[in-house]
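Asks: Generate a structure from the sequence data that follows.
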Amino acid sequence: DNGSTIRHNTVVYAASCIYNSPCGQIDINRKTTMSPGTGTVVVDNIATEILVQSGSTLAQRRNNLLRRNATSSERIGIPVFSGGADPSSYAGFLLAPTSPGKGTASDGTDPGV
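Replies: Residues are numbered from 1 along each chain as shown. Sure, this is the predicted structure:
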């Protein structure tokens, strides 16, 4: 990837997914036959964690709500959704008033959807 923006996404957590790693990761990576990605912006998301691997680099990373490995410009915590632990609609994925990260997106809204 070169120069894309990953913004206002909710990537759902689960304890174990493919390759025995947790679901919900934003992974900035590359295939071995391709050049590392540069210039990607990752802001205002809800995810388990953000991985930057294989020489790829980010232009910006901030205002994300992460379960682990947050930087100083991000929040760490478990989101509380208005639709409960397993929302079944878009509206259900909105952050509840008591959720960590509520109102902390770069545009003054909530991170995620």
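Asks: Would you quantify the distance from the residue nearest the centre of the chain to residue 91?
Replies: In the chain, the centroid-proximal residue (C-alpha atoms, centre = their mean) is residue 47; its distance is 3.4 Å. Distance, residue 47 to residue 91, by C-beta to C-beta, to the nearest Å: 20 Å. For glycine as for every other residue, the C-beta is placed from the backbone atoms N, C-alpha and C.
Asks: so what secondary structure elements neighbour the helix or strand bottoming out on mean pLDDT in the chain?
Replies: The helix or strand of the chain with the poorest confidence is strand 25-28; it has a mean of 93 (mean pLDDT, DSSP states H and E). Helices and strands touching strand 25-28, as assessed by 3 or more C-beta pairs under 8 Å, 6 or more residues apart in numbering; DSSP states H and E, comprise strand 40-43, strand 49-52.
Asks: what's it in contact with?
Replies: 1, 6, 9, 11, 37, 40, 42, 45, 47-53, 56, 58 (C-beta atoms under 8 Å, 6 or more residues apart in numbering).
Asks: rerun that using 6 Å as the cut-off
Replies: By C-beta atoms under 6 Å, 6 or more residues apart in numbering, the residues outside strand 25-28 that reach it are 40, 47, 48, 49, 50, 51, 52, 56.
Asks: quick one: buried residues of that strand?
Replies: Using 16 or more other C-beta atoms under 10 Å as the test for burial, strand 25-28 gives 25, 26, 28.
Asks: returning to what we had before: among the helices and strands packed on strand 25-28, which is nearest residue 15?
Replies: Closest approach to residue 15 among those is made by strand 49-52 (13.5 Å; C-beta to C-beta).
Asks: which outside residues touch the closest one?
Replies: Counting by C-beta under 6 Å, 6+ apart, 25, 26, 27, 28, 42, 58, 66, 68, 69 sit against strand 49-52.
Asks: following it, which helix or strand shows up next?
Replies: strand 58-62 (DSSP states H and E).
Asks: for that following strand, what is the average pLDDT?
Replies: Averaging pLDDT along strand 58-62 gives 97.
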